[in-house]
Structure formats: structure tokens, C-alpha cells
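Student: pasting the sequence and the predicted coordinates here, then a few questions.
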Amino acid sequence: MDLNHVFVCGNPALDFAATLRARRSARFEMFASPDRLDAWYLESGIVDAVAPSGPADVARATTVREAVYALVTARRLGEQYPGGALDVLNAAARIAPAAPQLTPSGRWTSASPEEALAGVARLAVELLSGPDVPLLKECGNPECTRVYIDRSRGMRRQWCGMESCGNRIKAAAYRARKKTAPAAPAH
């Protein structure tokens, strides 16, 4: 399984929720260690620097991640929000996020792990209360459980990303067609 963090969902809160991959089958945890969580915060662009996380920060982040996933799934399916998930997300969003600073070279945000997580939680609140809710879709790859924002023309996008899932599904379909296609007659 690829260890790189992937950002294909159209919103960092959705990419955060997707850090537990293949939820219905192999379940692969991207936050297997505190440094992987820190790497996600940096790679996502939520912060420019983060103080090193510890095991408690990973536990807190995975709890918030699961709340975000539950809330996004409920919203996407038109169901009621699970109350416990709302409480977890709102508690994380109430923490003051890191304040960006202006430096001679531009904007710079340095955060504690708790402040970085608050930033993710606030993005989830904005997403779930904003105009992109009708655009939420789950990837068409049965092994993938990423939810993404479909901004394609006609909302016809089927996969979270072509590189991650689309090419894989298309290649498998092509191989299946080749296997069942009748052989061309020899001349």
C-alpha cells in the first residue's frame, strides 16, 4: 500500500477522513505513527510547521477523523448526523486554530498538533454547512471509501482520482473485456 498521503477529494477535511483507506476491506491506517500525522498536516497545507505529535495526538486525530467520516457519510446519504460524531467534531472545532503570520517571505503558520487538528475540524464544519454538500460523492471503486467533491461538468465523475482509482478500474475492465472477447479469425 502506498504510504504517500493523497489529496484528491477537493477539500482537506475529506482528504483527512480518507486517511483510513479501504474501510470495507483491507483497512489501511495512514496515521500509523505520530510522524505520519505530522506529515499529513504539512503536506495538506493546513500548516507550514507543526510541533511533533505524540501517541495521544494520533488518538485524538483518528477520533476526529472518524467523526468527520461519519458526518460526511450521513450528509451524503441524507441521514441524521450521529450525535456523538457531532460532539467530537464541534469540540475539536472550538479549539483556537493556529494564527497565520506574515513574514518577509509570505504567510507562515506554525501550530501545535491540537491547533492543526482544530483547523481540520473547522474545515469540516464549513464543508458540511456549505454549498458543496450536494456535490459529495463516494468513489466508484468498491475497494475505495474516499468521499470527494464532484465539480465535473454534469457531475459525472466516478472516481476519487484517475491516478489512484480510475486507471485501476479502467484497466481491470479492459482486461476483463479482452479475456471474454472472441479471438479474431486468423487469415
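Tutor: Ah, there it is. Small disclaimer: the values here were computed from a predicted structure and weren't measured. Residues are numbered from 1 along each chain as shown.

Student: thought Thr109 was touching Pro100?
Tutor: Yes. Thr109 is within contact range of Pro100, at 4.5 Å (criterion: CB atoms under 8 Å). (Each C-beta comes from the backbone N, C-alpha and C, glycine too.)

Student: and the two? Which one has more around it.
Tutor: Thr109 (18 against 14; other CB atoms under 10 Å).

Student: list the buried residues for stretch 40-58?
Tutor: By 16 or more other CB atoms under 10 Å, the buried positions in stretch 40-58 come out as 40-41, 44, 46-48, 50, 53, 57-58.

Student: closest to Gly130 among the residues you listed?
Tutor: Gly130 has its nearest neighbour among these in Ile46, at 17.4 Å by CB to CB.

Student: next, that closest one: secondary structure please.
Tutor: coil (DSSP: H, G, I helix; E, B strand; the rest coil).

Student: tell me where the model's unsure across the protein.
Tutor: 1-3, 162, 164, 166-187 (pLDDT under 70).

Student: could you list the buried residues of the lengthiest helix in it?
Tutor: For the chain, the helix reaching the highest residue count under DSSP state H is reported as helix 55-77. Buried residues in helix 55-77, counted by 16+ other CB under 10 Å: 57-58, 60-76.

Student: so can I have JSON lines of the buried residues of stretch 40-58 showing distance to Glu143?
Tutor: Listed next are those as JSON lines, based on distance: CB to CB, whole Å:
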{"residue": "Trp40", "distance to Glu143": "21"}
{"residue": "Tyr41", "distance to Glu143": "26"}
{"residue": "Ser44", "distance to Glu143": "23"}
{"residue": "Ile46", "distance to Glu143": "27"}
{"residue": "Val47", "distance to Glu143": "31"}
{"residue": "Asp48", "distance to Glu143": "34"}
{"residue": "Val50", "distance to Glu143": "31"}
{"residue": "Ser53", "distance to Glu143": "28"}
{"residue": "Asp57", "distance to Glu143": "29"}
{"residue": "Val58", "distance to Glu143": "24"}
